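Undergrad: just need the structure, nothing else, for what follows:
(one chain, ligands or ions: 1)
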Amino acid sequence: MHFYKYQGTGNDFVIVDNREGKYHELSQETIHKICDRRFGVGGDGFMLLNNKEGYDFEMVYYNADGRLGTMCGNGGRCIVKFAYDMGIRRSEYKFWAVDGEHIATIQKGIVSLKMSNVSTIQQFEDHVILNTGSPHYVKQVTNLKEMNVFEEGRKIRYSDTFKKEGINVNFVEPINNHSWRVRTYERGVEDETYACGTGAAAVALAFSKEEPGKNSIDLEVLGGKLRVNYTKNEDGTFSDIWLKGPAEKVFEGTIDI
Ligand SMILES: N[C@@H](CCC[C@H](N)C(=O)O)C(=O)O
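TA: Sure, this is the predicted structure:
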């Protein structure tokens, strides 16, 4: 199987062009092995680029554990860059993913991806839960640089409340008024990753200003910088959510499956 490896702020993915439909039947075990950093190519996730009527393509996303995933923001940005590199050239992309239609653009190496609208945010005493295409737990902490995100994130992800469905756990610390530092424990990878796009969007919305209006937040993640733009509506819902950042090809090759 010919594969391509892409990364967006260090969130890395193996991508396969499946427009001929040869790879619809890959097993969970095969995908898990491809994503293994010792026995396979290595990646936080695996994606198929499929044909889809009425769209430029369809994105099918699997977590590194080989299970079909919910939406992946950085994966979405990487697959748009992949589509461009494969000759699918558009000024504006329209593609289908597990949570519905997405729009994206590429400008000067920055891939901007429109995320699904968010209507509900659950506020708890010391954390926030919301779904930006994937489920996220967001908690503000101090000394984030020194924190053991793997251990602390894992405790929450495998707590009685979340162990069945799983959740992505984001720890955040403000840098200034418009930027936050974020580190994420990702469900399905079951480890800290260098970035999480739906997590970055979740952090931006979880700590949005009280007043409705347009806003822009910068997120510093282990693998670089992301930006999230959004509109907070009068009724407290969020729309026009854009995830922005770099996405690039790392290498390509073939693997026996
Ligand atoms: N890396 C992601 C999120 C991928 C999905 C996640 N692992 C889950 O199971 O919810 C991103 O960039 O959004």
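Undergrad: got the contact list for H32?
TA: 64-66 (C-beta atoms under 8 Å, 6 or more residues apart in numbering). C-beta: built from backbone N, CA, C; applies to glycine.
Undergrad: CSV for those, including pLDDT and neighbour count?
TA: Formatted as CSV, the contacts of H32 follow (pLDDT from 0 to 100; neighbours: other C-beta atoms under 10 Å):
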residue, pLDDT, neighbour count
A64, 98, 27
D65, 98, 16
G66, 98, 20
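Undergrad: closest one to G43 out of these, please.
TA: Proximity of the contacts of H32 to G43 was ranked by C-beta to C-beta; the top entry is A64 with 6.4 Å.
Undergrad: could you check how far the residue nearest to the closest one when sequence neighbours are not counted is from E125?
TA: Computed as C-beta to C-beta, 6 or more residues apart in numbering, the closest residue to A64 that is not its neighbour in sequence is C35, at 3.9 Å. Per C-beta to C-beta, to the nearest Å, C35 is found 36 Å from E125.
Undergrad: stretch 195-204 and the ligand in contact?
TA: Yes: using C-beta under 6 Å from any ligand atom, we find that stretch 195-204 touches the ligand at 196-198.
Undergrad: state the mean pLDDT of the helix ranked longest in the chain.
TA: What stands out as the longest helix in the chain, according to DSSP state H, is helix 73-85. Mean per-residue pLDDT for helix 73-85: 98.
Undergrad: from the rest of the structure, what touches it?
TA: 4, 6-9, 11, 13, 15, 17, 45, 47, 49, 56-57, 59, 61, 93, 95, 97, 102, 104, 106, 111-113, 115, 132-133, 195-201, 243, 245, 247-249.
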